[in-house]
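K.L.:
Model the following, please.
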Amino acid sequence: MTNRRENYDLRHILERDWAALGPKLVGKLRIYTGDMDSWYLNNSVYLMEDFLESTQSPYYGGLVEYGDRYEHCWSGDHEEPLEIQRLTVYQRFFPQFAEHLLRTAPAGADLSSWIY
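P.N.:
As a prediction, this is how the structure comes out:
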């Protein structure tokens, strides 16, 4: 039987391997959860956030955000109910992805032909 913690516990894996993984993940981690998650996964996110906020060399530089009184599948929209959020997730996240790509693109990368 495999050790589930070693293979599936993302917080444990990040903590164990931060020296190698941290530099690759700086500014890339964004975690959203409702603080009333249907399966109590928000409790795991609290532990993940505690670890991420403690990181140094490098600091994770990402985002952990909680939806007040939202359940499972909350995706960061504080204004709309879940049935609307799921329909607008791409419109909300793609601008963040594009900004990240522009900010982190290698020198000489084509930064204009894909922006409409």
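
K.L.:
What distance do you get for the closest residue to residue 67 other than its chain neighbours to residue 86?
P.N.:
Excluding its sequence neighbours, the residue lying closest to residue 67 (Cβ to Cβ, 6 or more residues apart in numbering) is residue 74, at 3.9 Å. All C-beta atoms are positioned from the backbone trio N, CA, C, and that covers glycine. Computed as Cβ to Cβ, to the nearest Å, the residue 74 to residue 86 distance reads 10 Å.

K.L.:
Which one's more surrounded, the two?
P.N.:
Ranked by neighbour count (other Cβ atoms under 10 Å), residue 74 and residue 86 place residue 74 first, with 22 against 12.

K.L.:
shouldn't the more buried one be in contact with residue 81?
P.N.:
No: using Cβ atoms under 8 Å, residue 74 is not in contact with residue 81, being 10.1 Å away.

K.L.:
what residues are up against the residue positioned nearest the centre of the chain?
P.N.:
Using Cα atoms, centre = their mean, the residue of the chain that lies closest to the mean C-alpha position is residue 30, 2.1 Å off. Going by Cβ atoms under 8 Å, 6 or more residues apart in numbering, residue 30 touches 62-63, 65, 96.

K.L.:
if you set the cut-off to 6 Å instead, what comes out?
P.N.:
Counting by Cβ atoms under 6 Å, 6 or more residues apart in numbering, residue 30 touches 62-63.

K.L.:
Phi and psi next, for it.
P.N.:
When read as degrees, to the nearest 10, the backbone of residue 30 gives phi -130, psi 120.

K.L.:
ok, longest helix in this protein?
P.N.:
Assignment by DSSP state H gives helix 82-104 as the longest helix of the chain.
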